[in-house]
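>>> no letters, just coordinates:
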């Protein structure tokens, strides 16, 4: 796997940033999370006057061999059908990208269908889905490297267009299964606490999913974080990890979506812990295990809306709050300039 040079943000401006926040015309701490968010953004951008430029949304798609075991209520064909729907501006992700001014990039990382006839879907297909990880690793070392490199190159494309904040979404039937396994292994949490209904499994379906995934975990022989990621992950998920690591390397803010993307940045942090300094957690979703994931990373999500659609929609919904934190730093007056007595 390629090496990333991810530096922790320079904290030399922390005192000056805090002083500016505390001298805005408001009681100290009265804007709560917005103040904490402003501090993070200022540290990442190393400035007292942060800015958000050309936000991009990467939507990565891939299919999973584990769906052969009946772990999802959705048919595999839904992956490619939804990708086609996105080309027609028909998805939730399309609506939120339009609303908040994000440039949407659709990427085929490993869909089990020929999508080359759709010019707005970037063809980065590694294979037509991963292998069934109950029988061995989901991808080869070469495929893993290709997925990481592809995700990183997508971020380079965003940066070349002036982007300094992005979010990542996914489309892949069955991807709650590897997410549950990563959460269980990396968080040392019983698998049963990491598994939910996904797209709508009933009680019997959840039990079956648990049994399948437990058998897969028992038969896997993984020692390193990279081996765990490669054994169970999807191409779209490993691509997201590559994108997150490259974004952090470039100092780009990353808005983290729900269960799948939270599992991806948890996995990314096992490779490079400092990637978390660049992450803003958009929301706490309704998928079982997501709350545990956030706790593992000491993450404070901005929204609690009961979302579990995926596609990056929760991250997109959180963007206006991030924008508000930046506007607070740049548009609020301070006590001195307003000639108001500081009353605390």
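That came through, no problem. Bear in mind the structure is a predicted one, so any value in this text is a computation, not a measurement.
>>> for residue 38, give its distance to residue 323.
11 Å (CB to CB, to the nearest Å). In short, each C-beta sits where N, CA and C put it, glycine included.
>>> out of the two, which sits in the busier spot?
residue 38 (26 against 15; other CB atoms under 10 Å).
>>> what helix or strand is that one located in?
helix 32-45 (DSSP states H and E).
>>> try residue 129
Residue 129 belongs to no helix or strand, assigned by DSSP H and E.
>>> any idea how far the residue nearest to it when sequence neighbours are not counted is from residue 244?
Leaving aside its sequence neighbours, residue 129 sits nearest to residue 63 (CB to CB, 6 or more residues apart in numbering; 3.5 Å). To residue 244, residue 63 is 21 Å away according to CB to CB.
>>> more neighbours: these two, which one.
residue 244 (32 against 28).
>>> what's the distance between the more buried one and residue 62?
16 Å.
>>> over to residue 44?
In terms of CB to CB, residue 44 sits 29 Å off from residue 62.
>>> more crowded one of the two?
For residue 44 versus residue 62, the count of surrounding residues by other CB under 10 Å is larger for residue 62: 33 against 23.
>>> for that one, grab phi and psi.
phi -170, psi 150 (degrees, to the nearest 10).
>>> quick one: contacts for the residue nearest to residue 129?
76, 79, 110, 111, 112, 128, 129, 130, 172, 173, 174, 234 (CB atoms under 8 Å, 6 or more residues apart in numbering).
>>> let me know the pLDDT of it.
We have a pLDDT of 98 for residue 63.
>>> just the one 3 residues further on next, same as before
Reading off the confidence values, residue 66 has pLDDT 97.
>>> surely residue 308 is in a strand?
No: read with DSSP: H, G, I helix; E, B strand; the rest coil, residue 308 is coil and lies in no strand.
>>> ok, the residue nearest to it when sequence neighbours are not counted to residue 5 distance?
Spatial nearest neighbour of residue 308, excluding adjacent residues (CB to CB, 6+ apart): residue 286 at 4.3 Å. As judged by CB to CB, residue 286 and residue 5 stand 37 Å apart.
>>> and the two? which has more neighbours close in?
residue 286 (18 against 8).
>>> quick check: which ranges of the protein have low pLDDT?
197-200, 343-344 (pLDDT under 70).
>>> please, where are all the helices along it?
Remark: helices assigned in the chain by DSSP state H are 14-22, 32-45, 77-87, 92-100, 141-160, 176-187, 203-219, 225-232, 235-250, 259-271, 290-296, 313-331, 335-338.
>>> will you turn those helices into a markdown table that also has distance to residue 57?
Converted to a markdown table, the helices of the chain look like this (distance: least, CB to CB, whole Å):
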| stretch | distance to residue 57 |
| --- | --- |
| helix 14-22 | 28 |
| helix 32-45 | 18 |
| helix 77-87 | 11 |
| helix 92-100 | 5 |
| helix 141-160 | 10 |
| helix 176-187 | 19 |
| helix 203-219 | 29 |
| helix 225-232 | 23 |
| helix 235-250 | 11 |
| helix 259-271 | 12 |
| helix 290-296 | 20 |
| helix 313-331 | 7 |
| helix 335-338 | 37 |
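>>> nearest to residue 54 among these would be which one?
helix 141-160 (7.6 Å; CB to CB).
>>> what does the closest one contact?
1-2, 4, 54, 56, 58, 60, 105, 107, 109-110, 122, 124, 126-127, 139, 166, 226, 229-230, 233, 235, 238-247, 250, 252.
>>> what angle do it and helix 235-250 make?
If you take axes from the mean of the first three to the mean of the last three CA atoms, to 10 degrees, helix 141-160 sits at 50 degrees to helix 235-250.
>>> surely residue 177 touches residue 64?
Yes: the pair residue 177 / residue 64 is scored as a contact, 6.8 Å apart, by CB atoms under 8 Å.
>>> which one's more surrounded, those two?
residue 64 (32 against 24).
>>> so what's the more buried one closest to, chain neighbours aside?
The nearest residue in space to residue 64 (CB to CB, 6+ apart) is residue 174, at 3.7 Å.
>>> surely that neighbour touches residue 70?
No: with contact defined as CB under 8 Å, residue 174 does not count as touching residue 70 (10.0 Å).
>>> comparing the two, which residue is more hemmed in?
Set side by side, residue 174 and residue 70 show more neighbours around residue 174, with 26 against 12, by other CB under 10 Å.
>>> tell me how far residue 274 lies from residue 134.
The value you get for residue 274 to residue 134, if CB to CB is used, is 34 Å.
>>> settle it for me: which of these two has more neighbours?
Set side by side, residue 274 and residue 134 show more neighbours around residue 134, with 19 against 15, by other CB under 10 Å.
>>> for the more buried one, which non-adjacent residue is closest in space?
Nearest one to residue 134, counting by CB to CB, 6+ apart, is residue 216 at 4.4 Å.
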